[in-house]
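heads up, no residue letters with this:
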């Protein structure tokens with residue numbers, strides 16, 4: 001390294017000497033900020049992971065309901081006719097019962113009170 005090189009660098013204005021490092025720090029800050037809080041950053045990853053967990057639990061609920069309906073449909077099919085289930089559905093849909101019978105219906109969809 002020649003002495004004239006360092007003397008010339010020392011003669012450059014203060015702004016020109018700091019422009020390179022300042023630009024580098026600015027770019028690093030910009031990239032770091034968007035890596036954390038950008039559209040595809042770490043915060044977005046956590047938010048989407050939480051949404052995925054909620055949707056998976058909803059999917060499990062829907063699958064359970066679907067399986068219950070499939071069981072009912074299978075029980076009412078011609079191959080395996082469950083007379084108790086058929087009787088229950090006739091009473092529920094048509095509202096029919098014998099004269100000497102008392103029918104109580106329980107709602108499965110309403111929340112249970114403690």
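That came in fine, so what should we check first? The shown structure was predicted, so the numbers you read here are calculated from the model rather than taken from an experiment.

which non-adjacent residue is nearest residue 37?
Distance criterion Cβ to Cβ, 6 or more residues apart in numbering; nearest residue to residue 37, sequence neighbours excluded, is residue 43 at 5.2 Å. C-beta coordinates here come from the backbone N, C-alpha and C atoms, glycine included.

which helix or strand contains the one you found?
Element membership of residue 43, judged by DSSP states H and E, is helix 42-75.

avg pLDDT for that helix?
Helix 42-75 carries an average pLDDT of 93.

show me what the helix or strand containing residue 19 is packed up against.
Assigned by DSSP H and E, residue 19 belongs to helix 14-37. The contact analysis (3 or more Cβ pairs under 8 Å, 6 or more residues apart in numbering; DSSP states H and E) places helix 14-37 against helix 42-75.

next one: the helix it packs on to chain centre, how far?
Relative to its parent chain, helix 42-75 has a centroid offset of 9 Å by Cα atoms, centre = their mean, to the nearest Å.

and it, what does it pack onto?
So helix 42-75, by 3+ Cβ pairs under 8 Å, 6+ apart, packs with helix 14-37.

if you set the cut-off to 10 Å instead, what comes out?
If you count contacts as 3 or more Cβ pairs under 10 Å, 6 or more residues apart in numbering; DSSP states H and E, helix 42-75 packs onto helix 14-37, helix 83-94.

three-state assignment of residue 40?
Under DSSP: H, G, I helix; E, B strand; the rest coil, residue 40 falls in the coil class.

isn't it up against residue 47?
No - judged on Cβ atoms under 10 Å, residue 40 makes no contact with residue 47 at a distance of 11.0 Å.

quick one on the thing from earlier: now render the helices and strands packed on helix 42-75 as a markdown table, adding mean neighbour count.
Shown next, in a markdown table, are the helices and strands packed on helix 42-75 (neighbours: other Cβ atoms under 10 Å):
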| stretch | mean neighbour count |
| --- | --- |
| helix 14-37 | 10 |
| helix 83-94 | 11 |
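
okay, those in CSV with mean pLDDT and distance to residue 63 next?
Below are the helices and strands packed on helix 42-75 laid out as CSV (pLDDT from 0 to 100; distance: least, Cβ to Cβ, whole Å):
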stretch, mean pLDDT, distance to residue 63
helix 14-37, 88, 35
helix 83-94, 78, 21
